[in-house]
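Enquirer: attaching a predicted model along with its sequence, questions to come.
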Amino acid sequence: MAESTFIAVVSDTNPSNNGRSYNMTISGSNMSQFLGKKIGDMVEGLFVGEGDQTLAGYKLQITGGSDKTGTPMRSDLDGGSRQSILVTASTGFKGHTIEQKTKGGEKKRFRYKPDGMRKRRYFRGNTVTQDTRQINLKVVEAATKSLEDILGGTSEGAEESSE
């Protein structure tokens, strides 16, 4: 029994908004517009959001996402299945080990990055499927109304104005 919604994280590429991102939901028949799309594909903003908070007039690009277990999507893996691959430092793997050592009575953390370190990690393919729960989108073409006006701002903005 799969959930019937996606969470869309829309990144505003307008430099005046300092790269702010907004969470929106995609549900119902709008979900079918995303199924089968790949990372890098363009979608209409009309299908993102609900009610009067849709992004009509916007063009968005899919930049990534994750599945119901938090496994990230990778653009270089075909399909929508979960696959185990051997990776060096990249998406989903930082490429270092952290060790804690006691030195002079204090615990300190050290990061070691050995040359050629590789690990086997799970990743999702580049295609949006029913198992996808989050889709990352970025604005390619904006409409006349800004994202902040459509979504009504955030509590973060309200706190700044009250100080």
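Expert: Received the coordinates, thanks.
Enquirer: what sits against the residue nearest in space to the middle of the chain?
Expert: Note on the chain: the residue nearest the mean C-alpha position is N136, at 3.5 Å, using C-alpha atoms, centre = their mean. Shown in contact with N136 (C-beta atoms under 8 Å, 6 or more residues apart in numbering): 9, 11, 62-65. In short, each C-beta sits where N, CA and C put it, glycine included.
Enquirer: all helices of the chain, in order?
Expert: Counting by DSSP state H, the chain has helices at residues 147-151, 155-162.
Enquirer: any idea which of these scores lowest on pLDDT?
Expert: Between these, the lowest average pLDDT goes to helix 155-162, which shows a mean of 38.
Enquirer: against Q134, how distant is the closest residue to S27 other than its chain neighbours?
Expert: Leaving aside its sequence neighbours, S27 sits nearest to T5 (C-beta to C-beta, 6 or more residues apart in numbering; 4.3 Å). Between T5 and Q134 the computed distance is 10 Å (C-beta to C-beta, to the nearest Å).
Enquirer: which of the two has more neighbours?
Expert: More neighbours surround Q134 than the other of T5 and Q134, with 17 against 14 (other C-beta atoms under 10 Å).
Enquirer: and that one, what's its pLDDT?
Expert: The per-residue pLDDT reported for Q134 equals 94.
Enquirer: same thing with A2?
Expert: In this prediction, A2 has a pLDDT value of 48.
Enquirer: contacting residues for the closest residue to K68 other than its chain neighbours?
Expert: Of all residues not flanking K68 in the chain, R133 sits nearest, at 4.8 Å (C-beta to C-beta, 6+ apart). By C-beta under 8 Å, 6+ apart, the contact list for R133 reads 3, 6-7, 65-68.
Enquirer: closest one of these to G80?
Expert: Nearest to G80 among these: D67, at 8.8 Å, using C-beta to C-beta.
Enquirer: give me the neighbour count for the closest one.
Expert: As a burial measure, D67 scores 20 neighbours (other C-beta under 10 Å).
Enquirer: quick check: the gap between it and K119.
Expert: Per C-beta to C-beta, D67 is found 19 Å from K119.
Enquirer: and stretch 17-35, how far out from the chain middle?
Expert: Remark: stretch 17-35 is offset 10 Å from the chain centroid, using C-alpha atoms, centre = their mean, to the nearest Å.
Enquirer: residues touching that stretch, excluding its own?
Expert: Stretch 17-35 has contacts (C-beta under 8 Å, 6+ apart) with 4-13, 43-44, 47-50, 53, 55, 62, 128-130, 132, 135, 146-148, 151, 154.
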